[in-house]
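1. Sequence and predicted model, in that order:
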Amino acid sequence: MPVPEELVELLKNYELRLRKGKNSLRAYHQSLPIMLVYKFRKKNVVIELGYEEELREHLEDLAEEGEDMEAYIDDVLSELRDIAIESGRLLEEKGYSVELRLREGENDIRDLMEEILEEYVEYEYEEE
């Protein structure tokens with residue numbers, strides 16, 4: 001099942017890095033290893049939110065630098081959610097049945113962030 005060229009163009013316009021699989025497409029955010037995953041099955045598409053293992057390192061770096069990690073993650077997730085919705089509409093216009101499954105991936109990313117925030121607060125507390 002070829003990935004529609006219009007979808008590829010839309011994702012490139014948002015400066016997402018693309019990696020094509022046999023029946024899938026991964027669109028990576030430019031600043032964090034978080035991605036939208038498009039799974040194609042005939043005329044059905046499932047859009048999920050995922051992340052690579054190195055996301056933990058990126059989030060730990062943000063915590064160490066004193067960045068507002070929660071705001072940063074919220075911005076990235078919001079941007080990817082908006083792109084998922086827009087690309088879902090584009091695919092529906094092309095005759096695909098689209099299912100957005102972003103919640104689970106979003107929850108996993110937020111859980112990871114909370115875990116790192118807790119570790120970082122404990123680490124800071126031990127240093128004092």
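-> Great, that's in hand.
2. Buried ones in the helix-or-strand element of the chain with minimal mean pLDDT, by neighbour count?
-> Lowest on mean pLDDT, DSSP states H and E among the helices and strands of the chain sits helix 103-127, with a mean of 82. For helix 103-127, the neighbour count (16 or more other Cβ atoms under 10 Å) marks 105-106, 109, 113, 116, 120 as buried. Glycine gets a C-beta too; all of them are placed from N, C-alpha and C.
3. Tell me which stretches of this protein form helices.
-> Taking DSSP state H, the helices of the chain run over residues 5-13, 55-64, 69-93, 103-127.
4. Quick check: the gap between the spatially closest residue to K12 that is not a sequence neighbour and D74.
-> Closest residue to K12 in three dimensions, ignoring its sequence neighbours and counting by Cβ to Cβ, 6 or more residues apart in numbering: L18, at 7.0 Å. Relative to D74, L18 is positioned 24 Å away (Cβ to Cβ, to the nearest Å).
5. Could you do E48 as well?
-> Relative to D74, and taking Cβ to Cβ, E48 is found at 19 Å.
6. Just want to know which of these two has more residues nearby.
-> E48 (20 against 13; other Cβ atoms under 10 Å).
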